[in-house]
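Undergrad: can you look at this prediction? I've put the sequence above it.
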Amino acid sequence: MFTKNALRLAVLIGALACAGVAQAQDKVHNYLNETSLKVKATEDPVQKREILSKNLATMSHAVATAERSPLTSPEDAASLNRLQTTLQEKSDELAGVNGYDRVPDDQLNAFSSYVVQDMEQADQKITIGLVTLLLIIIIVILIA
């Protein structure tokens with residue numbers, strides 16, 4: 001009886017953890033989607049670029065802060081480092097620095113969609129624990 005209850009508890013905890021990670025990832029996706037919608041709703045390319053730049057910087061800062069947190073496991077820190085690199089590349093591409101061509105003004109809407117899609121695909125390649133993902137969300141909320 002004890003073994004059966006322990007097994008049920010382990011399955012329940014696993015299911016709740018998966019649901020927590022999915023919910024946290026949804027919050028990050030929603031943040032990026034909202035950024036993309038703001039960019040598409042704005043007519044001025046300077047403002048579009050500013051919105052993208054600010055939000056990429058916010059995400060980058062949140063990821064860097066989470067990476068330095070003592071709550072972050074070494075595996076999560078490595079994943080966050082890869083995510084940080086991806087965010088920096090997007091920021092460099094937007095600004096046209098570090099060997100990247102600057103995103104043309106007429107392609108900023110497409111670039112914002114590309115960032116969202118690329119970050120969603122990064123979720124499949126980069127695994128981050130629930131605690132770390134929640135920490136990133138908290139930091140983004142505090143910064144934004």
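TA: Ah, there it is.
Undergrad: so where's the protein uncertain?
TA: For the chain, the stretches with pLDDT under 70 are 1-28, 122-137, 139, 144.
Undergrad: mind listing the helices for it?
TA: 2-41, 45-68, 74-95, 108-125, 130-143 (DSSP state H).
Undergrad: contacts for the fourth one?
TA: Helix 108-125 has contacts (CB atoms under 8 Å, 6 or more residues apart in numbering) with 25, 28-29, 32-33, 35-36, 39-40, 45, 48-49, 52, 56, 82-83, 86, 90, 93-94, 103. Placement of C-beta: from N, CA and C, glycine included.
Undergrad: write the PyMOL selection for whichever of those residues are buried.
TA: Command for PyMOL that selects the buried part of those, burial taken from 16 or more other CB atoms under 10 Å:
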select buried, resi 25+28+32+33+35+36+39+45+48+49+52+56+83+86+90+93+94+103
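Undergrad: how about Ser53: what's its closest non-neighbour residue?
TA: With sequence-adjacent residues excluded and distances taken as CB to CB, 6 or more residues apart in numbering, Ser53 is closest to Leu94, at 6.1 Å.
Undergrad: revised request: answer the last question for His61.
TA: Nearest non-adjacent residue to His61, counting by CB to CB, 6+ apart: Ile143, 6.2 Å away.
Undergrad: show me the contacts for the one you found.
TA: Taking CB under 8 Å, 6+ apart, we find Ile143 in contact with 58, 61-62.
Undergrad: tell me how many other residues surround the nearest residue to Gly96 once chain neighbours are set aside.
TA: Spatially, and ignoring its direct neighbours in sequence, Gly96 is nearest to Arg102 (2.6 Å; CB to CB, 6+ apart). Arg102: 12 surrounding residues under other CB atoms under 10 Å.
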